[in-house]
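**Student:** The amino acid sequence is not available; the structure is as follows:
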């Protein structure tokens, strides 16, 4: 399996019980990503099935993934949270929360700016597109100028302990699922 099967392919063995009911989500940096929707799960869980196959366990509804091969980071939106997985270490960064909104999907992440399609909580017909500046380490710069901007932004964020990001009157901030730590 691969984006270009003539050039290269990735063997995938789906015979194990952990892959039962999993659906193909996509391919990211020579890794095949499968998704399994589970009831009553509060945050995504990543399992490395083989060297080149990962299984994302998340809620049955409201879990979407944005990936771009130019970065090792996967962005997983789940209800009002964004989980960022570093595929080099297979570890999640602390989640980000968009207060007052449900994230339908992430449209793009480019040079530290995340663009999303959102819905206002409790208002099923109120949708909007929004952008938010991501905190340091939540994105990879694309070239030398972006790296300089990235470092400048990091230095500014060191002065800002809360890492708050404005989003039409709401905040995007690092949060802890179990404790709902507010950085306000």
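**Tutor:** In hand now; what should we look at? Treat the numbers as computed from the prediction; the structure is a model and nothing was measured.
**Student:** gap between the nearest residue to residue 81 once chain neighbours are set aside and residue 121?
**Tutor:** Once flanking residues are discounted, residue 81 sits nearest to residue 95: 4.8 Å by CB to CB, 6 or more residues apart in numbering. Where you see a C-beta, it was placed from the backbone N, CA and C, and this is true even at glycine. Distance, residue 95 to residue 121, by CB to CB, to the nearest Å: 17 Å.
**Student:** tell me which residues in stretch 81-95 are buried?
**Tutor:** 81, 82, 83, 84, 85, 86, 87, 92, 93, 94, 95 (16 or more other CB atoms under 10 Å).
**Student:** neighbouring contacts of the host helix or strand of residue 74?
**Tutor:** Residue 74 belongs to strand 73-78 when assigned by DSSP states H and E. For strand 73-78, the surrounding residues in contact (CB atoms under 8 Å, 6 or more residues apart in numbering) are 28, 33, 43-44, 56, 58-59, 62-67, 82-87, 103-106, 109, 114, 116, 138-140.
**Student:** quick one: strands adjacent to it?
**Tutor:** If you go by DSSP bridges, strand 73-78 pairs up with strand 63-67 (antiparallel), strand 81-86 (antiparallel).
**Student:** I'm done for today, thanks for sticking with me.
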